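Novice: got a structure for you, letters missing:
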């Protein structure tokens, strides 16, 4: 390709002027040869116009190959449309494509096909067949395919607030045993919350909340907002406590026509309402019941015993002498087998001595001096009947 630094034909000698003309014409010919059908030899990088196509094209010959002489066909490349502004080429800035833009489909995450001059490992590329990959810092983060949008490696989807700093994110657990698919409902229920049917289908359900009048036990003596203690206190039937009054009324008492009382459950046990079971019949919700013990029997036993080796009481007149002094020799003579009165055997304690004196051996009346005391200990006595228990605070929802 012929080039000259200055195409001006300066006033000079004939030979110099002729040389300048030849250089200028050669340079002009090497860059614009004319109609392709009229050219002969085409030098490398020469432009030709192809009027045989529609639209008409500007072509440029490659730097290698045939030059068009002796019937050969040079190799041309399209430059642009001769009948369109800017040859129909996209400007470097501020222009619009009217057809598809084809980029390299063999690039990867570290060298994406569409990237940035100052960050060429971040961009878009073809991750696999029918899959677009988005990479940052040379690693794929997102994939889009006919299966959907995939956030890779448990990355979250983040929804930033209007300031662009705090955000709400959704992400997968770091480890899953299988796919988890959640399907959103087709409509929204006012005041509802999302719940799943176990297979991933989501639906809205209404949260009922804690019903007014519900009673709970607390493990601490601190009442949360929306509750009051079950201490029998009196409250106004209007305003803050109107909803509670509408539920329990004056079941637990009232000091006047504009107030009502909450249940008094301090130190009380709560019993389930019988509700026709006939275990504790004849009562309504909120009624009190006094304490009592079921009729029952107690069995008591004692190991106390009395042992007496036996003894005698004898009284003899001083006139009884000798071997019969402390004894009586009873026989049919001095102790007849029949009859009454002293000396008769029917008088068991009227013992007659050897000399037949009546009342000699009669036993005197006397106590043994022994006593027996038996004590039964029932233990665990107290001021009330109760099971084992733990004290907690009863509260009621207002």
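Specialist: Yes, it's here. Model, not experiment: these values are computed from the prediction.

Novice: List the contacts of residue 249.
Specialist: Counting by C-beta atoms under 8 Å, 6 or more residues apart in numbering, residue 249 touches residue 260. Every C-beta, even on glycine, is put in place using the N, C-alpha and C of the backbone.

Novice: let's see 10 Å
Specialist: Contacts for residue 249 (C-beta atoms under 10 Å, 6 or more residues apart in numbering) come out as 237, 260, 286.

Novice: now, among those, which is nearest to residue 244?
Specialist: residue 260 (8.1 Å; C-beta to C-beta).

Novice: residues contacting that closest one?
Specialist: Counted by C-beta under 10 Å, 6+ apart, residue 260 has contacts 234-237, 241, 244-245, 248-254.

Novice: swap in residue 186?
Specialist: Residue 186 sits next to residue 203 when contact means C-beta under 10 Å, 6+ apart.

Novice: Quickly name whichever of the contacts of residue 249 is closest to residue 8.
Specialist: Using C-beta to C-beta, the contacts of residue 249 come closest to residue 8 at residue 237, 110.1 Å.

Novice: count of neighbours near the spatially closest residue to residue 66 that is not a sequence neighbour?
Specialist: Of all residues not flanking residue 66 in the chain, residue 72 sits nearest, at 3.6 Å (C-beta to C-beta, 6 or more residues apart in numbering). Using other C-beta atoms under 10 Å, residue 72 is surrounded by 11 other residues.

Novice: I figured residue 72 hits residue 65, correct?
Specialist: Yes: Residue 72 is within contact range of residue 65, at 8.4 Å (criterion: C-beta atoms under 10 Å).

Novice: list residues touching both of those two?
Specialist: By C-beta under 10 Å, 6+ apart, the residues touching both residue 72 and residue 65 are residue 42.

Novice: picking that back up, residues touching the residue nearest to residue 66, list them.
Specialist: Contact analysis of residue 72 by C-beta under 10 Å, 6+ apart lists 41-42, 65-66.

Novice: can you tell me how far it sits from residue 61?
Specialist: With the distance defined as C-beta to C-beta, to the nearest Å, residue 72 ends up 12 Å from residue 61.

Novice: Kindly reformat the contacts of residue 260 as JSON lines containing distance to residue 115 and pLDDT.
Specialist: Output for the contacts of residue 260, formatted as JSON lines (distance: C-beta to C-beta, whole Å; pLDDT from 0 to 100):
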{"residue": "234", "distance to residue 115": "77", "pLDDT": "98"}
{"residue": "235", "distance to residue 115": "71", "pLDDT": "98"}
{"residue": "236", "distance to residue 115": "72", "pLDDT": "97"}
{"residue": "237", "distance to residue 115": "74", "pLDDT": "97"}
{"residue": "241", "distance to residue 115": "68", "pLDDT": "97"}
{"residue": "244", "distance to residue 115": "67", "pLDDT": "97"}
{"residue": "245", "distance to residue 115": "71", "pLDDT": "97"}
{"residue": "248", "distance to residue 115": "72", "pLDDT": "97"}
{"residue": "249", "distance to residue 115": "76", "pLDDT": "97"}
{"residue": "250", "distance to residue 115": "79", "pLDDT": "97"}
{"residue": "251", "distance to residue 115": "77", "pLDDT": "96"}
{"residue": "252", "distance to residue 115": "76", "pLDDT": "97"}
{"residue": "253", "distance to residue 115": "80", "pLDDT": "96"}
{"residue": "254", "distance to residue 115": "80", "pLDDT": "97"}
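
Novice: Narrow these to those in strands?
Specialist: Members of the contacts of residue 260 lying in strands (criterion: DSSP state E): 234-236.

Novice: Kindly present those residues as a markdown table, with separate columns for neighbour count and distance to residue 387.
Specialist: A markdown table is the format used below for those (neighbours: other C-beta atoms under 10 Å; distance: C-beta to C-beta, whole Å):
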| residue | neighbour count | distance to residue 387 |
| --- | --- | --- |
| 234 | 15 | 31 |
| 235 | 18 | 32 |
| 236 | 12 | 37 |
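
Novice: Take those and write them to a markdown table, including distance to residue 216.
Specialist: Below are the ones in strands among the contacts of residue 260 laid out as a markdown table (distance: C-beta to C-beta, whole Å):
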| residue | distance to residue 216 |
| --- | --- |
| 234 | 21 |
| 235 | 18 |
| 236 | 23 |
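
Novice: still on that earlier bit, could you list which of the contacts of residue 260 belong to helices?
Specialist: Using DSSP state H, 244-245, 248 are the members of the contacts of residue 260 that sit in helices.
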